[in-house]
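> Sequence first, predicted model second:
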Amino acid sequence: MGKKEDTNEKIKEKCFVIMPISDQGDYPVGHFTKIYEQIIKPAVTQAGYMPYRIDKDDSCESIPDKIVIALKECPMAICDLSNRNPNVMYELGLRRAYGKPVVQIQDDKTEKIFDVGEISTVFYKSGRVYEDVLEARKKIKAAILATRDEKMNSPEDIRKAKVFQMSSDSVSGNDSADATLTEIYNELKGCKHLMF
């Protein structure tokens, strides 16, 4: 008798893959398909997630609906900023607005993007030399695992953030300055995972 399959095996959570899908720019034909297959998909799988791309979803919902649902509901996302694709940038903006975790990646060929340039980004080499592919997978996997448990803040959370106020009656002189600096320090510590 064969070994009984474990039907209770944990179903992997989805990692929404936001990336250029079609051929574009001065990249060779099939470039982004190879990036997905050789770098992104293995890294996401090694991090314990199931990679999910809208173009691979055969359900009957409209593409915009699928995108919004994935942006809101997938526990993790990865976003390839390479080639500055406007659809990718739009989806990244929505994902951040929902305050959901996302790992940004970008090839070495694309110039740094000002609006998201200060957010941690994993860079990979677009030439896909074997050793570089392995290194990229390793770095992306590590970024996914590091991002998984971080608290993300949406713009709405930021808007509702407590405004620092202190009564001048309660302290005076140097005590007031010390108390103010301590309160500012504590507020900044609480915002260490704040992403813009």
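Structure's in. What do you need?

> Next, work out how far apart the residue positioned nearest the centre of the chain and Ile140 are.
Centrality entry for the chain: nearest residue to the mean C-alpha point is Val102, 1.4 Å, by CA atoms, centre = their mean. In this view, Val102 and Ile140 are 12 Å apart by CB to CB, to the nearest Å. (Glycine included, C-beta is placed from N, CA and C.)

> Need the overlap of contacts for those two.
Ile78 (CB atoms under 8 Å, 6 or more residues apart in numbering).

> and the helix or strand hosting Ala70, which residues are buried?
Assigned by DSSP states H and E, Ala70 belongs to helix 63-73. Buried residues in helix 63-73, counted by 16 or more other CB atoms under 10 Å: Lys66, Ile67, Ala70, Leu71.

> so which of the residues you listed comes closest to Asp57?
For the buried residues of helix 63-73, the minimum distance to Asp57 (CB to CB) is 5.7 Å, reached by Lys66.

> partners of Val103 in the sheet?
With DSSP bridges as the criterion, Val103 is bridged to Ile78.

> Need the per-residue pLDDT for it.
Confidence at Val103, expressed as pLDDT, is 96.

> Okay, it and Tyr52: tell me how far apart.
According to CB to CB, Val103 stands 14 Å off from Tyr52.

> One more: Val122?
For Val122 relative to Tyr52 (CB to CB), the value is 19 Å.

> same check, this time on Met89
Counting by CB to CB, the gap from Met89 to Tyr52 is 19 Å.

> One more: Ala43?
Taking CB to CB, one finds Ala43 at 14 Å from Tyr52.

> what do you get for Tyr27?
Tyr27 is 23 Å from Tyr52, where distance means CB to CB.

> Please apply the same query to Gly117.
27 Å.

> Between these two, point out the one with more neighbours.
Shown here are Gly117 and Tyr52; by other CB atoms under 10 Å, Tyr52 has more neighbours (19 against 12).

> Grab the nearest non-local neighbour of Gln46.
Take Gln46 and drop its neighbours on the chain: the residue closest to it by CB to CB, 6 or more residues apart in numbering is Lys141, 4.8 Å away.

> What about the one you found, how many residues nearby?
A count of nearby residues for Lys141, using other CB under 10 Å, gives 20.

> In three-state terms, how would it be classified?
helix (DSSP: H, G, I helix; E, B strand; the rest coil).

> can you pull the contacts of the residue nearest to the residue nearest to the centre of the chain when sequence neighbours are not counted?
In this structure, Val102 finds its nearest non-sequential neighbour in Ala77, 4.3 Å apart by CB to CB, 6+ apart. By CB under 8 Å, 6+ apart, the contact list for Ala77 reads Cys15, Phe16, Val17, Ile18, Ala70, Leu71, Arg95, Lys100, Pro101, Val102, Val103.
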